[in-house]
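> return atomic coordinates for the entry below.
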Amino acid sequence: MEPSIEVSQSDLKWHIASRCTSGNCVEVAVDTDAVFLRDSKDPGSGGLRYSHREWQNFVIAAKAGVYDMPK
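Below is the predicted model of the structure:
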């Protein structure tokens, strides 16, 4: 197994939804090895890192309704 390479969050280009006007949103950044998520209210508190495969599986499951709230 190769050692993981730490990426400085300040080196990433963060994106936020254009409809986010409350400042209470999720920011997303993508680099060659991973997808990163962080809280827009507290960007310095760290975030979550997912491989591209993990992120792809999450998006597929979300589109399929796996995480929908019960009616």
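> how about the strands in the chain?
Ranges of strands in the chain, per DSSP state E, are 15-16, 26-30, 34-39, 48-51.
> ok, and what's touching the shortest one?
Okay, so that is strand 15-16. The set of residues that contact strand 15-16 without belonging to it, under C-beta atoms under 8 Å, 6 or more residues apart in numbering, is 25-29, 40. The C-beta positions use only the backbone N, C-alpha and C, and glycine is treated the same way.
> so how far is residue 71 from residue 29?
If you measure residue 29 against residue 71 using C-beta to C-beta, to the nearest Å, the figure is 34 Å.
> hmm, I was thinking of residue 18
Taken as C-beta to C-beta, the spacing of residue 18 relative to residue 71 amounts to 29 Å.
> show me which of the two is the more surrounded one.
Neighbours were tallied for residue 18 and for residue 71 using other C-beta atoms under 10 Å; the higher tally belongs to residue 18 (6 against 3).
> kindly state the pLDDT recorded for that one?
Note for residue 18: predicted pLDDT of 85.
> with residue 7 instead?
Listed pLDDT for residue 7 reads 57.
> now residue 11
The model reports residue 11 with a pLDDT of 81.
> residue ranges of the helices in the protein, please?
In chain order, the chain shows helices spanning 52-63, with DSSP state H as the criterion.
> and the buried ones among the contacts of strand 15-16, selectable in PyMOL?
Paste this into PyMOL to select the buried members of the contacts of strand 15-16, with burial taken from 16 or more other C-beta atoms under 10 Å:
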select buried, resi 27+28+29
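> which one of the contacts of strand 15-16 is nearest residue 50?
Each of those was checked against residue 50 using C-beta to C-beta; the closest is residue 28, at 10.2 Å.
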